[in-house]
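# heads up, no residue letters with this:
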């Protein structure tokens, strides 16, 4: 399609309710590569129905999984998309236009992410338009090895597209709690590995301070009920990851002073 071919890269695990929506907006890419963590639902079959190359790998953290994913891609340009993210048509056309130019001015591009939570598109606050590096040349950039909240590491000047993709973060409260617990567990393991200290005074005030920041300062009060639920989620998560760290330390040494 283009002189510079693009590999769409996705990691999955039990994403049968999301993945078709995501893949339907990636068929213009030169290949779709999926690394699945042994899903027990129809995720793999759906991916193959879209012509994706599917590889299986035990999940050992998001950074590790995405590093493996990039190595499985045939082309140098990587479009990294999560299974619950969907490109808009305007963004797709913008990328196509850029990649048909004689010269591409950047080795990495920021894409604008728009938050969708409990079915509501957030049109206010910082989540309405968050730039995130998702399109890059794999010889110039790479994923960090963090277990969660991994990022693409690239030190040079970045391009940025004007249009956005949608991030369907959670569809219901049960899914919110599952994600909160999973991410808190992964982050606590990362903290434990790094020997992170815990300040109990700060932890005592963390929940209300984070809520004030998310709901009022960052503008989620304007996103209605869904903005309130999001702010509660972030506040709970900010404390839960430290409680899990304390729990892990006690399991390792019941007499350890935290």
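Ah, there it is. Being a predicted model, the structure only gives us computed values, none of them experimental.

# got a list of what the spatially most central residue of the chain touches?
Using Cα atoms, centre = their mean, the residue of the chain that lies closest to the mean C-alpha position is residue 82, 5.9 Å off. Neighbouring residues of residue 82 by Cβ atoms under 8 Å, 6 or more residues apart in numbering: 10, 11, 22, 167. (Glycine included, C-beta is placed from N, CA and C.)

# Residue 12 now?
When contacts are taken as Cβ under 8 Å, 6+ apart, residue 12 is in contact with 19, 34, 35, 36, 37, 39, 43, 44, 47, 83.

# would you list those in a markdown table and tack on neighbour count and pLDDT?
Formatted as a markdown table, the entries for the contacts of residue 12 read as follows, by neighbours: other Cβ atoms under 10 Å; pLDDT from 0 to 100:
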| residue | neighbour count | pLDDT |
| --- | --- | --- |
| 19 | 26 | 98 |
| 34 | 26 | 98 |
| 35 | 23 | 98 |
| 36 | 23 | 98 |
| 37 | 15 | 98 |
| 39 | 19 | 98 |
| 43 | 24 | 98 |
| 44 | 20 | 98 |
| 47 | 26 | 98 |
| 83 | 22 | 98 |
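
# Which of these fall within helices?
In helices, judged by DSSP state H, the following of those are found: 19, 43, 44, 47.

# Show me which of those is closest to residue 181.
Using Cβ to Cβ, residue 43 is the member of the ones in helices among the contacts of residue 12 that sits closest to residue 181, with 20.7 Å.

# quick one: contacts for the closest one?
Contacts of residue 43 by Cβ under 8 Å, 6+ apart are 12, 13, 14, 15, 16, 19, 36, 83.

# what about the longest strand along the chain, distance to the chain center?
With DSSP state E setting the assignment, residue counts place strand 159-170 as the longest strand in the chain. With Cα atoms, centre = their mean, to the nearest Å as the basis, the distance from the averaged C-alpha position of strand 159-170 to the chain average is 11 Å.

# cool, stretch 66-83 as well?
Centre-to-centre, stretch 66-83 and its host chain are 14 Å apart (Cα atoms, centre = their mean).

# Farthest-apart pair in the ones in helices among the contacts of residue 12, please.
Farthest pair in these, by Cβ to Cβ: 19 and 44, 9.4 Å.

# Tell me how the chain divides into domains.
By the assignment in automatic domain parsing, the chain contains the domains 6-170, 173-252.

# remind me which residues of the protein are low pLDDT?
Along the chain, the model assigns pLDDT under 70 to residues 1-3, 254-258.

# For the longest helix anywhere in it, what is the distance to the chain centroid?
Identified as the longest helix of the chain according to DSSP H is helix 224-252. The chain centroid and the centroid of helix 224-252 are separated by 18 Å, computed with Cα atoms, centre = their mean.

# Measure how that helix sits relative to strand 159-170, angle-wise.
Angular relation of helix 224-252 and strand 159-170 on a 0 to 180 degree scale: 80 degrees, by axes from the mean of the first three to the mean of the last three Cα atoms, to 10 degrees.

# May I see the buried residues of helix 224-252?
Of the residues in helix 224-252, those buried under the neighbour-count criterion (16 or more other Cβ atoms under 10 Å) are 226-227, 229-238, 240-242, 244-246, 249.
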